[in-house]
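**Student:** mind looking at a prediction? Sequence and model below.
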Amino acid sequence: MNETARVWKYVRGFENLSLCDWPGRSTCIIFLGGCNLRCPTCHNHQLAWDMHSLPAIEPAHIKAYLRDRAGWLDGITITGGEPTMVPGVGELLYEIKKFELPIKVDTNGMRPDIIKDLLQYKLADTFAVDVKGPYAKYPALTGHAVSESAAQANLERIFEMARTKPEAFYFRITRVPDLTESDIGTAQGYLPIEHELKIQNYVPPRRTPEHAQTDTEERRTAGNVVN
Ligand code: SF4
């Protein structure tokens with residue numbers, strides 16, 4: 001199996017049309033499995049942590065859709081999980097770029113090297129970066145996957161890129177139960193001056209008892225620290 005065929009195996013969801021995912025644009029959404037974080041508030045946990053329980057989507061299905069409907073769309077969203085965790089994600093984006101639509105990549109911002117590469121090789125046009133909250137709350141907000149210092153170091157690199165290329169970034173925060181208004185203000189203060197933090201309302205996750213058990217065990221072992 002070549003690199004491109006391998007990366008398509010991470011595609012575990014496809015939505016034909018969304019009018020609200022990328023403000024002002026009608027897009028389709030490609031969902032990639034796998035994530036480096038373990039946010040207890042994750043609403044996409046099956047995709048993020050157990051992608052093999054979801055069927056892979058045939059590349060031919062997505063390509064045929066894009067061939068037929070590209071003229072009706074204003075863009076393509078690549079989301080997860082965490083797209084930057086997918087080995088060879090650039091290959092996938094390179095193929096999708098052939099449909100000549102702007103591409104937005106959703107990310108938690110914890111892999112700035114990958115974002116830098118995608119930006120440099122013009123494989124994505126926009127990055128929607130989730131800022132989870134104040135750096136000090138990252139361990140709690142990410143299931144102990146990210147330390148305070150790692151969160152700060154990674155996001156500061158993203159903010160630096162956003163200062164250089166402001167049109168390629170926007171930033172979001174989800175008002176999860178552990179965040180206060182003051183926390184949201186603190187997170188807003190991290191952003192480059194020209195950027196606003198878009199606040200999203202929180203949708204509680206629907207977990208099966210099996211997932212709840214797995215989550216608890218994974219958080220207890222907390223072996224996947226991003227640093
Ligand atoms: S970053 Fe957190 S909320 Fe987003 S997919 Fe990963 S675990 Fe879920």
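**Tutor:** Yes, it's here. Numbers count the residues shown, from 1 in each chain.
**Student:** list the buried residues of the strand or helix carrying R6.
**Tutor:** In the assignment (DSSP states H and E), R6 maps to helix 3-8. For helix 3-8, the neighbour count (16 or more other CB atoms under 10 Å) marks V7, W8 as buried. Backbone N, C-alpha and C define where each C-beta goes, glycine included.
**Student:** what sits up against the helix or strand just after that helix?
**Tutor:** As assigned by DSSP H and E, the chain's next helix or strand after helix 3-8 is strand 11-18. By CB atoms under 8 Å, 6 or more residues apart in numbering, the residues outside strand 11-18 that reach it are 26-33, 47, 51, 54-57, 59, 61-62, 65, 69, 73, 77, 92.
**Student:** who does strand 11-18 pair up with?
**Tutor:** Strands that pair with strand 11-18, judged by DSSP bridges, come out as strand 27-32 (antiparallel).
**Student:** so which of the contacts of strand 11-18 belong to helices?
**Tutor:** Secondary structure defined by DSSP state H assigns L47, P59, H61, I62, Y65, R69, L92 of the contacts of strand 11-18 to helices.
**Student:** these into CSV, with extra columns for distance to E100, neighbour count and pLDDT?
**Tutor:** Putting those into CSV (distance: CB to CB, whole Å; neighbours: other CB atoms under 10 Å; pLDDT from 0 to 100) gives the following:
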residue, distance to E100, neighbour count, pLDDT
L47, 27, 23, 97
P59, 18, 16, 95
H61, 19, 11, 96
I62, 15, 20, 97
Y65, 15, 16, 97
R69, 13, 15, 93
L92, 16, 23, 96
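**Student:** can those residues go into a markdown table with extra columns for distance to the ligand?
**Tutor:** A markdown table is the format used below for those (distance: CB to the nearest ligand atom, whole Å):
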| residue | distance to the ligand |
| --- | --- |
| L47 | 7 |
| P59 | 22 |
| H61 | 23 |
| I62 | 20 |
| Y65 | 24 |
| R69 | 27 |
| L92 | 18 |
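**Student:** output the lowest mean pLDDT helix or strand found in the chain.
**Tutor:** One helix or strand of the chain scores below all others by mean pLDDT, DSSP states H and E: helix 209-221, with a mean of 41.
**Student:** quick one: contacts for R67?
**Tutor:** By CB under 8 Å, 6+ apart, the contact set of R67 is F99.
**Student:** L93 contacts I78, doesn't it?
**Tutor:** Yes: proximity of L93 to I78 meets the contact threshold set by CB atoms under 8 Å, at 7.0 Å.
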